[in-house]
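Asker: Fold the following for me, if possible:
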Amino acid sequence: METKKTFSKEEKKEYFKKLRLDWKRSKALAENDMEAEALYRESGLTGVSYFSFYFVLKQMKGLKMEGLPYVNCKTFGGWHKNGFKVKKGEKSKIKGITWIKIKEDGKVIKNKDDQENIKFMYPKVYHLFHTSQVEAL
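Answerer: Just a heads-up that it's a prediction; the model follows:
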């Protein structure tokens, strides 16, 4: 049985620092990419910010993967919910980031309307699979 790898406080700090930097760079590029913004608007996606869309789109282009983020790339569960399964042995090649908001009392903010007393936010990675990595159930 595999044991779960543990990371030192310093390793975790560097990991989150790199995630924030990746996000910041992507966001800066996204603000000036009118073509990507048009794609996002045309896709009609809801529940996904333009910056999340762009973050994934940039990775897809780098990997020469066709399609749109969150249409042609989904989480393991997202594919399953849509009648597909990830092919055996496939590894996620694309990551998405969501931001977890923490209140001053240390509780996670789950309601989008509750934006008061945010103490800090931290990035949480999730993994996406491209349509080329899945097959019908």
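Asker: next SSE after the longest strand belonging to the chain?
Answerer: Criterion DSSP state E: the longest strand present in the chain is strand 118-130. Next along the chain after strand 118-130, taking DSSP states H and E as the criterion, comes strand 134-136.
Asker: got a list of contacts for that next one?
Answerer: 79, 83, 84, 85, 86, 87, 90 (C-beta atoms under 8 Å, 6 or more residues apart in numbering). Yep, even glycine has a C-beta here, placed from its N, CA and C like the rest.
Asker: would a markdown table of these with secondary structure, neighbour count and distance to residue 121 be doable?
Answerer: Below are those laid out as a markdown table (DSSP: H, G, I helix; E, B strand; the rest coil; neighbours: other C-beta atoms under 10 Å; distance: C-beta to C-beta, whole Å):
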| residue | secondary structure | neighbour count | distance to residue 121 |
| --- | --- | --- | --- |
| 79 | helix | 21 | 28 |
| 83 | coil | 9 | 34 |
| 84 | strand | 18 | 32 |
| 85 | strand | 14 | 33 |
| 86 | strand | 18 | 30 |
| 87 | coil | 11 | 35 |
| 90 | coil | 15 | 31 |
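Asker: before we move on, the earlier item: what's the longest strand of the chain in contact with?
Answerer: By C-beta under 8 Å, 6+ apart, strand 118-130 touches 16, 19-20, 23, 56, 60, 63, 65, 67, 69, 72-76, 79, 86, 90, 92-104, 106, 109.
Asker: Can you show me the helices along the chain?
Answerer: 9-30, 34-43, 50-62, 76-81 (DSSP state H).
Asker: Put together a markdown table for the ones you listed, with mean pLDDT and distance to residue 134 on each row.
Answerer: Compiled in a markdown table, the helices of the chain are given as follows (pLDDT from 0 to 100; distance: least, C-beta to C-beta, whole Å):
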| stretch | mean pLDDT | distance to residue 134 |
| --- | --- | --- |
| helix 9-30 | 94 | 25 |
| helix 34-43 | 95 | 19 |
| helix 50-62 | 96 | 15 |
| helix 76-81 | 97 | 5 |
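Asker: right, so these: which one is the most enclosed?
Answerer: Among the helices of the chain, ranked by average contacts under mean count of other C-beta atoms under 10 Å, first place goes to helix 50-62 (a mean of 19).
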